[in-house]
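S.K.: Fold the following, please.
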Amino acid sequence: MAAQVVVEDTNHGPPSVGEDTDRNRGDILKYTPFESIILNLTTMKYLNKKHLFAFAFIILSSINGLFAQPTKKSISVDEGVVTYSFRNNGKEINGQSSLQIFYKNNVAHLVQGTSREKHEEQYINYYQQETYQVLTLKDKRRYTLKTPFTSYEKAVLTGDTATILGYLCKKAKVFIRSNTIEIWFTNSISLKGSPSLSIAPGIGLILKTIRNGSFETYATKVQLKKVDDSEVALPENLGEVVDEATYHREEIDSRFATIPVFSQQQINFTDSIVNPAGNLENITYRYAGGTLVVKKIKLPEEGNYSVFAHLSQYSNGDAY
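M.R.: Below is the predicted model:
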C-alpha cells in the first residue's frame with residue numbers, strides 16, 4: 001500500500017519524506033505504511049493543523065491496512081457450489097453419490113452424482129418462492145411439479161448455534177411425516193439452498209441436516225465461484241404441469257418397465273392341444289392337458305432388474 005497527499009509549502013521547512021520538493025507550488029509527500037509511522041517530530045512541526053489531520057488519517061489508514069484480515073462475511077460473491085456427503089449413525093455411507101447445489105441468479109439446482117443423464121431435475125427458484133421437479137421419461141414425455149414454499153412444513157428455531165465450514169449456523173427443527181429433521185443453516189453467505197426440496201427450502205443455506213437422530217447430510221465444501229448459466233437454467237420446455245399425486249404416480253411408474261405376458265388367456269383341460277413347432281417368442285404354449293400355459297418373452301437387456309409378477313384370475317362360474 002502507498003498513500004499520498006498534496007500539502008501546500010508555506011513555511012519552506014525541510015524536504016518532505018520520499019519526494020524532492022518543488023518550491024514553486026508545493027510538496028508532494030509520499031508515505032509507505034512504515035514511513036508514515038516513523039515520520040519524526042521535526043518534520044511534523046512544519047505542518048499546520050489541516051496538514052496534521054491529513055497526516056494522522058494516513059497513519060490510521062496504514063495501520064488498518066496492515067492488521068485487517070479478510071473474513072468470510074466480507075465476501076459478496078452471489079454464486080457458487082456446495083457439496084454434500086452422507087453419514088448414518090456417524091459412519092460414512094460408501095457408494096453413495098455426492099450431492100451438489102449449483103446456485104446463481106436466485107436459483108439453486110440440486111445435482112446428485114456425476115452423470116448428467118438424469119430423468120428428474122430439481123430446482124429451488126427464490127424469485128418465484130417455488131420448487132420445481134421436472135421428470136423426463138424415456139419416451140420424451142415431461143411432467144413438472146411446482147410447489148410453493150408455503151406448502152412445506154415450517155421449521156422452528158431452537159436457539160442453538162454451531163460453526164460449520166467457518167460459517168455461523170443457526171439450528172432449527174421441522175417435522176415431516178413422523179420424521180424429525182434437525183437443520184443447521186446460515187444467512188451469513190449470499191448462497192442459498194437445501195439438500196432436499198422438502199426441507200425448509202426458503203430458510204437460507206442449509207449446511208447440515210439430521211433425520212431421526214441418525215441419517216446425516218452435511219456440507220463438505222462451499223465454493224464461491226463463477227457458475228455457468230446452464231447449470232441453473234430450468235428446461236425451456238416444462239412439459240405438462242401436474243399436481244402432486246399425478247407427478248408421483250408418473251415418477252414411480254418411470255422406475256418400472258411393464259411387459260404384458262398373458263391377457264384374457266383361457267386355462268382349461270382339453271385333449272386337443274397342438275403347440276407351434278420350435279421355441280418361438282411371444283407365443284403361448286399349453287401343456288398338461290391345457291392346465292399349464294407358458295410363453296417366452298424378452299426382458300430389457302441393460303441394467304440390473306428385479307422382476308415382479310402381477311397375476312389376476314377370473315372364472316366363468318366354476319370356482320375350480
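S.K.: How about the contacts made by residue 221?
M.R.: By C-beta atoms under 8 Å, 6 or more residues apart in numbering, the contact list for residue 221 reads 81, 82, 83, 165. From N, CA and C alone the C-beta is placed, and that goes for glycine too.
S.K.: how close does it sit to residue 119?
M.R.: Distance of residue 221 to residue 119, given as C-beta to C-beta, to the nearest Å: 27 Å.
S.K.: for residue 231, same thing?
M.R.: Separation of residue 231 from residue 119 (C-beta to C-beta): 18 Å.
S.K.: Could you dump the contacts of residue 221 into JSON lines and include pLDDT and distance to residue 135?
M.R.: Putting the contacts of residue 221 into JSON lines (pLDDT from 0 to 100; distance: C-beta to C-beta, whole Å) gives the following:
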{"residue": "81", "pLDDT": "97", "distance to residue 135": "24"}
{"residue": "82", "pLDDT": "97", "distance to residue 135": "24"}
{"residue": "83", "pLDDT": "96", "distance to residue 135": "25"}
{"residue": "165", "pLDDT": "97", "distance to residue 135": "33"}
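S.K.: What subset of the residues you listed is buried?
M.R.: Buried members of those, counted by 16 or more other C-beta atoms under 10 Å: 81, 82, 165.
S.K.: The first one pairs with what?
M.R.: Here residue 81 shows beta-bridge partners residue 102, residue 223, assigned using DSSP bridges.
S.K.: ditto for residue 122
M.R.: Beta-bridge partners recorded for residue 122 (DSSP bridges): residue 110, residue 133.
S.K.: That one contacts residue 132, doesn't it?
M.R.: Yes: using C-beta atoms under 8 Å, residue 122 makes contact with residue 132 at a distance of 7.2 Å.
S.K.: okay, those two: which has more neighbours?
M.R.: Taking neighbours as other C-beta atoms under 10 Å, residue 122 and residue 132 compare with residue 132 leading, 21 against 18.
S.K.: Can you tell me how far that one is from residue 308?
M.R.: For residue 132, the distance to residue 308 equals 31 Å [C-beta to C-beta].
S.K.: Grab the nearest non-local neighbour of the residue nearest the centre of the chain.
M.R.: Centroid-nearest residue in the chain, with C-alpha atoms, centre = their mean: residue 101, separated by 1.8 Å. Excluding the flanking residues, the one nearest residue 101 by C-beta to C-beta, 6 or more residues apart in numbering is residue 193, at 4.0 Å.
S.K.: In contact with the one you found, which residues?
M.R.: With C-beta under 8 Å, 6+ apart, residue 193 has these contacts: 82, 101, 103, 108, 110, 124, 201, 205, 206.
S.K.: out of those, who has the most neighbours?
M.R.: residue 206 leads the contacts of residue 193 on contacts (other C-beta under 10 Å) with 29 neighbours.
S.K.: That one: which element?
M.R.: In the assignment (DSSP states H and E), residue 206 maps to strand 205-211.
S.K.: Give me the residues contacting that strand.
M.R.: If you take C-beta under 8 Å, 6+ apart as the criterion, strand 205-211 is touched by 82, 164-165, 167, 169, 179-187, 189, 191-196, 199-200, 216-219, 222.
S.K.: Same check on stretch 151-158?
M.R.: Contacts of stretch 151-158 (C-beta under 8 Å, 6+ apart): 170-176, 183, 198-201, 203.
S.K.: Let's see that with 6 Å instead.
M.R.: 171, 172, 173, 174, 176, 183, 198, 200, 203 (C-beta atoms under 6 Å, 6 or more residues apart in numbering).
S.K.: Let me know how buried the first one is, in neighbour terms.
M.R.: Meaning residue 171. Applying other C-beta under 10 Å, we find 16 residues neighbouring residue 171.
S.K.: which stretches of this protein aren't confidently modelled?
M.R.: 1-76, 114-118, 301-305, 318-320 (pLDDT under 70).
S.K.: if you set the cut-off to 80 instead, what comes out?
M.R.: Counting by pLDDT under 80, the chain has low-confidence residues at 1-77, 95-96, 113-118, 255-258, 269, 271, 299-308, 314-320.
S.K.: in it, what residue sits furthest out from the centroid?
M.R.: Relative to the centre of the chain, the most outlying C-alpha is that of residue 271, 66.7 Å out, by C-alpha atoms, centre = their mean.
S.K.: Which of the three states applies to the residue lying closest to that residue once chain neighbours are set aside?
M.R.: In space, residue 271 comes closest to residue 289 once its chain neighbours are excluded; the distance is 6.9 Å by C-beta to C-beta, 6+ apart. For residue 289, the assignment made with DSSP: H, G, I helix; E, B strand; the rest coil gives helix.
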